[in-house]
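S.K.: One predicted model, sequence on top.
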Amino acid sequence: MEPLINAILYFVFLFGALFLILGTALVLLIAAAVPVIWKKNLSFLMISLGINILVIPLSFFIGGMATDSPGSTMHDFWEVFLFIQIFPFPLVLLSLVWWLVRRKKEKVHV
């Protein structure tokens with residue numbers, strides 16, 4: 001009975017984390033089209049967050065594969081992780097700055 005429970009818990013945590021990551025990213029991508037989000041100019045920020053949430057697990061996986069050889073260090077992990085994140089992370093920062101600038105401009109014109 002013990003191995004069965006361990007197998008069930010393994011799959012629950014494995015697929016639970018996968019569905020949580022994919023679900024959060026899909027909710028962000030779908031919610032970007034909601035009119036309330038659209039009026040607050042948050043759609044670009046939410047789309048870039050959704051893309052980043054989808055890419056982060058891939059970055060961790062590929063970074064972990066880079067540290068598989070015995071001679072590799074933590075530097076190799078971060079090198080590959082940041083290489084994979086070279087577009088999504090600056091996109092999030094750009095969208096955050098763009099949203100903050102546009103938010104300030106709208107308050108001035110009102």
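M.R.: That came through fine. Numbers count the residues shown, from 1 in each chain.
S.K.: okay, CA-based contacts and neighbour counts for the rest of this
M.R.: Will do.
S.K.: quick one: low-confidence ranges for the chain?
M.R.: Residue ranges of the chain with pLDDT under 70: 104-110.
S.K.: And residue 20, how far from residue 26?
M.R.: Going from residue 20 to residue 26 by CA to CA, to the nearest Å gives 10 Å.
S.K.: Which of these two has more residues huddled nearby?
M.R.: residue 26 (17 against 11; other CA atoms under 10 Å).
S.K.: can you count the residues close to residue 15?
M.R.: Counted with other CA under 10 Å, residues neighbouring residue 15 total 12.
S.K.: Which phi and psi values does it adopt?
M.R.: Main-chain torsions, residue 15, degrees, to the nearest 10: phi -80, psi -30.
S.K.: From residue 27, how far out is it?
M.R.: Remark: distance between residue 15 and residue 27 (CA to CA) = 18 Å.
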